[in-house]
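# Dropping a prediction and its sequence here:
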Amino acid sequence: MRTLFASNNKPARRQERGILVLLLCLLFSPLLLKAQGDTTQPAATDTTAVAATTEEAAAPEMISPSISLTGIQQANNSIIIKAALKAKANGQFYQLYRMKLQAFAVNGEEEIPLGHVITDGMGKAIFTIKNDSLPADAEGKLNFKVVFAGNKMMDPAEEVLSFKKAKLEITPVKEDSLMSVQVKLVDGAGNPVKDATVGIFVKRLIQPQKLGEATTDENGEAVIEFPNGIPGDEKGNLTIIGRVDENETFGNLEASSVQPWGVAVSNKSVEQPRALWSSHPPLWMLITFIVLMAAVWGHYIVIVYEMFRLRKEEPHTEPQKN
């Protein structure tokens, strides 16, 4: 009886367990649905972020160029501004050629255009400006700005240059066999500038050769001796250059003068005499070389000729007929 009663209660117990599981599923189903909704929303946000990151990675990185300026005040009341445009990419600097640079004279908030120049193969451009028409500020400074407008691959760039007006004058002096160069440095108002270092150079093919330097006195003057025996052109002319480099107040200044103080050197091509160190060797050496080469190549020709002759004299055996 106990065994039969126990076996008859098993289906009832299974039915009760099924009902309990169903109630639990109905009870926790809203929580599961809410959790699923919460997990899908961040996924969409992550997809948007990934798409934005991909677009940023696909966009090319802009190149940021830089401009360096050097201003030189000439003795003829003109100013030369040398500009160099370059940019750094992949850890290396590159000169940017065939780029348009514009120059302006700045007077307060006013910008006076001075023209534009296209950079050369070395990324450099030169502006030549007349000093007489340039406005100066209250301190007597000349202010310049060079601008690069940029393009689709490069950001715009600009650089400012400022210095006070000044003028450098040189006077070559020759007394008997002694030669010297007198220099004088004055500011824009004509006042002498003292304690300025002035160098004397002579123009050479690649870059000027420095001959000496001196410091101006209270009158803004200095004297530098000029050496003898410097090669010049076919008439002995030399281009003497006086230069002030990177002065804190006046920047760079330059003046030049042409004087016949050099040794005349002809620029015409003259045939050099026959010598071992020239392109025209001595005649005996040339004849000896020709004879030796003829002997060597003559042996080669004889050997080749004998080989062909022996080949022709080789006996030919006719095939036997059956």
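It's in.
# give me every residue that touches the residue most central in space within the chain.
Within the chain, one residue has its C-alpha closest to the average C-alpha position: by CA atoms, centre = their mean, that is residue 95, at 3.6 Å. Applying CB atoms under 8 Å, 6 or more residues apart in numbering, we find residue 95 in contact with 84, 85, 86, 119, 121, 122, 123, 124. All C-beta spots, glycine's among them, are computed from the backbone N, C-alpha and C.
# cool, residue 266 as well?
Listed by CB under 8 Å, 6+ apart, the contact partners of residue 266 are residue 234.
# That one: what secondary structure?
Secondary structure state of residue 266, per DSSP: H, G, I helix; E, B strand; the rest coil, is coil.
# repeat for residue 293
With three-state DSSP as the basis, residue 293 sits in helix.
# Quick one, grab the pLDDT at it.
Predicted confidence (pLDDT) at residue 293: the value is 95.
# Residue ranges of each domain in this protein, please.
What the record gives for the chain is the domain set 65-164, 166-259, from automatic domain parsing.
# returning to what we had before: just the ones of the contacts of residue 95 in strands?
Assignment to strands by DSSP state E places the following of the contacts of residue 95 there: 84, 85, 86, 124.
# helix, strand or coil for residue 234?
coil.
# meant to ask about residue 81, not that
The assignment at residue 81 comes out as strand when based on three-state DSSP.
# need the strands for the stretch 51-200 of the chain, in chain order.
Taking DSSP state E, counting those that start in this stretch to define them, one finds strands in the stretch 51-200 of the chain at 65-74, 78-89, 92-95, 100-107, 110-118, 124-130, 141-148, 157-164, 166-175, 178-187, 197-202.
# can I get the ones you listed in TSV with mean pLDDT and distance to residue 291?
As requested, those are exported to TSV (pLDDT from 0 to 100; distance: least, CB to CB, whole Å):
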stretch	mean pLDDT	distance to residue 291
strand 65-74	93	63
strand 78-89	92	60
strand 92-95	89	56
strand 100-107	92	66
strand 110-118	91	61
strand 124-130	92	57
strand 141-148	92	68
strand 157-164	92	70
strand 166-175	91	59
strand 178-187	92	56
strand 197-202	94	51
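# Residue 271 is nearest to which of these?
Minimum separation from residue 271 across these (CB to CB) falls at strand 197-202, 29.5 Å.
# where does the stretch 201-322 of the chain have low pLDDT?
Judged against pLDDT under 70, the low-scoring parts of the stretch 201-322 of the chain cover residues 314-322.
# List the contacts of the nearest residue to residue 239 once chain neighbours are set aside.
In this structure, residue 239 finds its nearest non-sequential neighbour in residue 203, 3.8 Å apart by CB to CB, 6 or more residues apart in numbering. For residue 203, the set of contacting residues under the criterion of CB under 8 Å, 6+ apart consists of 238, 239, 241, 256.
# what does residue 245 give?
Residues touching residue 245, when contacts are defined by CB under 8 Å, 6+ apart, comprise 197, 199, 252.
# Mind checking which of those residues are buried?
By neighbour count, with 16 or more other CB atoms under 10 Å, the contacts of residue 245 hold 199, 252 as buried.
# and stretch 76-95, which residues are buried?
Under the neighbour-count criterion of 16+ other CB under 10 Å, stretch 76-95 has 79, 81, 83, 84, 85, 86, 87 buried.
# Can I get the domains of the chain in CSV including distance to residue 278?
What follows is the domains of the chain, written out as CSV (distance: least, CB to CB, whole Å):
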stretch, distance to residue 278
domain 65-164, 36
domain 166-259, 20
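# So what would you say the end-to-end distance of stretch 270-287 is?
Stretch 270-287 stretches 24 Å from its first residue to its last (CA to CA, to the nearest Å).
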